[in-house]
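Undergrad: Provide a 3D model corresponding to the input given below.
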Amino acid sequence: MYDIWLIVALIVMFFGALGTFVPILPGIPLIFLAMVGYGFSEGFVTMTPLFLAINLLIVLLATVIDYLGTAWGAKRFGASSSGAWGAVIGGVVGLLVFGPLGIVAGPFLGAVIGELMKGRSIDFAIEAGIGTMLGLVGATIVRLFIAFGMIVAFIWRIW
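TA: Okay, here's the model as predicted:
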């Protein structure tokens with residue numbers, strides 16, 4: 001029975017890792033939920049409460065890093081909150097409309113549109129869009145490393 005739970009946990013973790021790129025999927029929280037689910041299946045012998053608590057802190061840290069990375073990129077290049085929100089909305093819409101290309105183009109275009117709607121010049125809007133996109137890309141890279149580390153820790157723990 002543990003083998004089935006392990007397979008399910010690894011599949012959920014795969015989708016969690018995918019979620020570090022896809023804004024619709026809650027990537028790192030999915031990986032954590034897979035750990036908790038596996039812990040329930042095996043009576044929290046391998047997935048100890050301490051191990052899960054440490055991973056929960058990592059999930060919270062990853063969430064903070066995600067917001068800070070995006071905000072840093074936006075603010076570093078002078079984006080307003082309209083540009084930052086435009087980037088978030090553009091990321092979701094871009095993914096749905098343009099697929100993988102939309103993950104990169106959507107936040108940029110969303111930030112530019114947000115800045116233009118605020119009355120900023122096109123040059124400023126493009127610069128803010130680039131900064132917001134760089135912040136999102138940086139945060140995505142950090143999330144990917146965190147997700148990979150959590151998956152490796154899980155596999156290391158169970159074997």
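Undergrad: residue contacts, the residue nearest to residue 27 when sequence neighbours are not counted?
TA: Computed as Cβ to Cβ, 6 or more residues apart in numbering, the closest residue to residue 27 that is not its neighbour in sequence is residue 19, at 2.8 Å. In short, each C-beta sits where N, CA and C put it, glycine included. By Cβ atoms under 8 Å, 6 or more residues apart in numbering, the contact set of residue 19 is 25-28, 30, 147.
Undergrad: Would you tell me which one of those comes nearest to residue 85?
TA: The shortest distance between residue 85 and any of those, using Cβ to Cβ, involves residue 26 and amounts to 19.3 Å.
Undergrad: what does the helix or strand bottoming out on mean pLDDT in the chain contact?
TA: None of the helices or strands of the chain scores lower by mean pLDDT, DSSP states H and E than helix 81-98, at a mean of 83. Outside helix 81-98, the residues that touch it by Cβ under 8 Å, 6+ apart are 22-24, 70-71, 74, 79, 101-115, 117-118, 125, 128-129, 132-133, 136.
Undergrad: got the buried residues for the stretch of helix or strand residue 156 belongs to?
TA: Element membership for residue 156 (DSSP states H and E) is helix 122-158. Buried residues in helix 122-158, counted by 16 or more other Cβ atoms under 10 Å: 124-140, 142-143, 146-147, 150-151, 153-154.
Undergrad: picking that back up, quick one: the least confident helix or strand of the chain to chain centroid distance?
TA: Between the centre of helix 81-98 and the centre of its chain there are 14 Å (Cα atoms, centre = their mean, to the nearest Å).
Undergrad: Check the most centrally placed residue in the chain and give its pLDDT.
TA: Using Cα atoms, centre = their mean, the residue of the chain that lies closest to the mean C-alpha position is residue 20, 4.1 Å off. Residue 20 carries a pLDDT value of 86.
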